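Asks: Compute the structure for the input listed below.
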Amino acid sequence: MLDIEFVRKQFPAFSSKPLTNQAFFENAGGSYTCRQVIDRLSRYYIERKVQPYSAYEASRLAGEEMDEARKRLSAIMGIEQDELSFGPSTTQNTYVLAQAFADYLHPGQAIIVTNQDHEANSGPWRRLADRGVEIREWKIDPDTGHLDILDLISLLDDKVKLVCFPHCSNVVGEVNDVPSICRVVHAAGAVTCVDGVSYAPHGIPDVGALGADIYMFSAYKTYGPHQGIMAIKRELGERLPNQGHYFNAGSLYKRFTPAGPDHAQIAACAGMADYVDALYEHHQQSGKADAKGRGTFVHDLMRAQEVKLLQPLLDYLGDKNSVRMLGPRDANIKAPTVAVSLERRGEEVAAELASHGIMAGGGDFYGVRCLEGQGIDPDHGVLRLSFVHYTHEDEVQKLITTLDKIL
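Replies: Reported below is the predicted structural model:
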């Protein structure tokens, strides 16, 4: 069982006076930052804010902390250290990657995208149609928002070289079966690009076990600073055209980072690994696992807590005739990202919740295609209620009680 009091002590936001009595249900837009990340970021700005990798002490330590972040996060994710790269955001990482594929693919070859995605993992790929690449769309079920793997199979042929899809949608919330999808795609001779932005906050995954060729997520939604994190298999990364400076072509983690990285934020990302280790050491009193084992343990700990809190909310919303809840009603196959379509605009209901001390979101959440695919007007939008493992059971009950008053 997750020790919720220990967890919340790791986040300064919960002891902040401006946030007192505020229940945070817009975590899909960005999580609170853990103390370990804040401490590392502060230390870097105070003690290490110099050009890294030089011989003098402050510079040497700055470079070592950046390397530590890459080393420790890649170990948790089950990939090689140089297969992990940082960028200013996942959107930017995807755009750079799309430019690499634009130079790599030939006219007439195809990419499959979905209409379940956040636009960041859809738009850059769709634009390659202007370069002669065929774009095929793997469509969701308009009633459930589900992506059926049989529909994907019908789209695959020898022209398809890349399939882009989300680990879970930031609107539908259903956790897609990434390993099965990757096996199908690989059997067809293509590679996969998985958007993990909406999944990783619920437990950093073992990317190696998932089988994804490319996996991307955002550190600022995973208790860290505003950085995009991308894992790419070495064989694929070396095959794609270099997008960085020509003299960095031999360094895999620099090939898709054309702009200079934010040194302080990269170094601070090691605090995400510190947080994983802190949870592991507090909850696992016997035995000692390696970094990937610790990550898996914490992943499962987080998910178990979220499933326990999510199911009552799904049951409540699922029973209301005035609400159309998007995605599955089973918490075991859904991230705690719950979007509901209401008679009133999503932003209006979110504003009313705010007056009751509940921070939630309303709108399209850059999932315009996903909403349209389910017959929802993006301008009307949805109300989105999202939480993570640090959410207290009392806060979920407060949300349900408040919703009962205003819906």
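
Asks: okay, CA-based contacts and neighbour counts for the rest of this
Replies: Will do.

Asks: Okay, residue 207 and residue 108: tell me how far apart.
Replies: Residue 207 sits at a distance of 30 Å from residue 108 (criterion: Cα to Cα, to the nearest Å).

Asks: Kindly report the same for residue 180.
Replies: 27 Å.

Asks: Mind jotting down where the helices sit in the stretch 201-350 of the chain?
Replies: Using DSSP state H, counting those that start in this stretch, the helices found in the stretch 201-350 of the chain span residues 207-210, 234-239, 263-268, 270-283, 291-318, 346-354.

Asks: And the stretch 1-150 of the chain, by the same measure?
Replies: Under DSSP H, counting those that start in this stretch, the stretch 1-150 of the chain gives helices at 4-9, 35-47, 57-77, 90-104, 123-126, 149-155.

Asks: would a markdown table of those with mean pLDDT be doable?
Replies: Compiled in a markdown table, the helices of the stretch 1-150 of the chain are given as follows (pLDDT from 0 to 100):
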| stretch | mean pLDDT |
| --- | --- |
| helix 4-9 | 98 |
| helix 35-47 | 98 |
| helix 57-77 | 98 |
| helix 90-104 | 97 |
| helix 123-126 | 98 |
| helix 149-155 | 98 |
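
Asks: Nearest to residue 234, out of these?
Replies: helix 57-77 (13.0 Å; Cα to Cα).

Asks: And this protein, what are its domain boundaries?
Replies: Described in terms of automatic domain parsing, the domain architecture of the chain consists of the residue ranges 4-33+291-406, 41-272.

Asks: Now do residue 288, the pLDDT please.
Replies: Residue 288 is assigned a pLDDT of 88 by the prediction.

Asks: how close does it get to residue 281?
Replies: Remark: distance between residue 288 and residue 281 (Cα to Cα) = 9 Å.

Asks: So those two - more neighbours on which side?
Replies: For residue 288 and residue 281, the more surrounded residue by other Cα atoms under 10 Å is residue 281, and the numbers stand at 15 against 11.

Asks: So what's the residue count around residue 231?
Replies: Neighbour tally, residue 231, other Cα under 10 Å: 27.

Asks: what are the bridge partners for it, then?
Replies: residue 84, residue 215 (DSSP bridges).

Asks: residue contacts, it?
Replies: 79, 83-85, 213-216 (Cα atoms under 8 Å, 6 or more residues apart in numbering).

Asks: hey, C-alpha coordinates of the longest strand along the chain in CSV?
Replies: For the chain, the strand reaching the highest residue count under DSSP state E is reported as strand 160-166. The C-alpha trace of strand 160-166 is given here as CSV (Å, rounded to 0.1, in the frame of the first residue of the first chain):
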residue,chain,number,x,y,z
VAL,A,160,4.2,1.5,-44.2
LYS,A,161,7.5,2.4,-42.5
LEU,A,162,6.3,4.1,-39.3
VAL,A,163,3.3,3.8,-36.9
CYS,A,164,2.7,6.6,-34.4
PHE,A,165,0.3,6.1,-31.5
PRO,A,166,-0.2,7.0,-27.9
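
Asks: Would you mind listing the buried residues in whichever helix or strand comes after it?
Replies: Using DSSP states H and E, the helix or strand that directly follows strand 160-166 along the chain is helix 178-187. Using 16 or more other Cα atoms under 10 Å as the test for burial, helix 178-187 gives 178, 181-186.
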